[in-house]
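> based on what follows, work out the 3D shape:
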Amino acid sequence: MPGGRLTQQERQRIALGLADDLAYAEIARRLDRPTSTITREVLRNGGPAGYRADLAHHATERRAHRRKQAGAPRGPQARPQADGRDADAVREYEDTLTTYLMQSGLPKMTARTLTCLYTTDAGSLTAAEIVRHLQVSPASVSKAVAFLESQGLIRRERDEGRRERYIVDDDVWYQSMLATARSNALFAATARQGVTVLGAGSPAAVRLENIARFVDFVGENITRAAEQAREILYTKP
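Okay, the predicted model is just below:
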């Protein structure tokens, strides 16, 4: 199996495969590459509908150039990282996690912001710190954190300097699961409104009632599981 970066010819074959509606796994098989490589390549460069081989290749070259500049010694002797981590390995993992979050439905900027928070030891960052780390505009970070907060995936607090900090901790996932359960309950209630409008016993009403019952059941189990998980995993003795 070939290693290293994708070539421009491989990217052109990826674009042709997407145009033919081939699955990522099939494109990967034809290129003798891991499926994860193809998935990451496409999602990082516009997604299935917006992928262009030439733009993707240029973007990769730019990223490689930035990494080379960032890794170059700035003095007579390069200093090792204070945390002892491999910077290239960390960046690669951040790309992998971002790709997964995008596959789960998050927009790219939102996924990058959440990855940034997940991979910081402090578990919290200010908007300015996220901007510096991702090298993006404050407006794009503001939009991303607003969405993440609305989904219960992060929370915000003010530190001693009155700056807003965005936080991911043990309680965030618990609150996120509860938000999902509340959303399910709202959807079930909306479905049952249709039962009344369409007439109980009609095929459409029966379908909506079955949806509501299913969503209710799932929501109740999500809430129960979240409560149990927090009690077992995060309750301090």
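> the residue nearest the centre of the chain and Asp32, how far apart?
Geometric centre of the chain, nearest residue: Leu101, 2.3 Å, by C-alpha atoms, centre = their mean. Distance from Leu101 to Asp32, counting by C-beta to C-beta, to the nearest Å: 27 Å. For every residue, glycine as well, the C-beta is placed using N, CA and C.
> same check on Tyr234?
44 Å.
> more crowded one of the two?
Tyr234 (12 against 9; other C-beta atoms under 10 Å).
> I'd assumed Trp173 was in contact with the more buried one.
No. Using C-beta atoms under 8 Å, Tyr234 is not in contact with Trp173; the gap is 9.5 Å.
> ok, now which ones touch the residue nearest to the residue nearest to the centre of the chain when sequence neighbours are not counted?
Counting by C-beta to C-beta, 6 or more residues apart in numbering, Ala111 is the residue found nearest to Leu101 once chain neighbours are left out, at 3.7 Å. Residues counted as contacts of Ala111 (C-beta atoms under 8 Å, 6 or more residues apart in numbering) are Thr98, Thr99, Leu101, Met102.
> for those residues, pick the one with the most neighbours.
Thr98 (25 neighbours).
> what's the pLDDT at that one?
Thr98 carries a pLDDT value of 85.
> quick one on the thing from earlier: what about the residue nearest to the centre of the chain, which helix or strand?
helix 87-103 (DSSP states H and E).
> which strands and helices sit next to that helix?
Judged by 3 or more C-beta pairs under 8 Å, 6 or more residues apart in numbering; DSSP states H and E, helix 87-103 is in contact with helix 35-44, helix 53-71, helix 108-118.
> please work out which of the ones you listed is packed deepest.
Burial of these is given as mean neighbour count (mean count of other C-beta atoms under 10 Å); helix 108-118 ranks first at a mean of 22.
> pLDDT of that helix, averaged?
pLDDT averaged over helix 108-118 gives 92.
> distance of Val136 relative to Leu18?
With C-beta to C-beta as the criterion, Val136 and Leu18 are 26 Å apart.
> great, nothing more from me.
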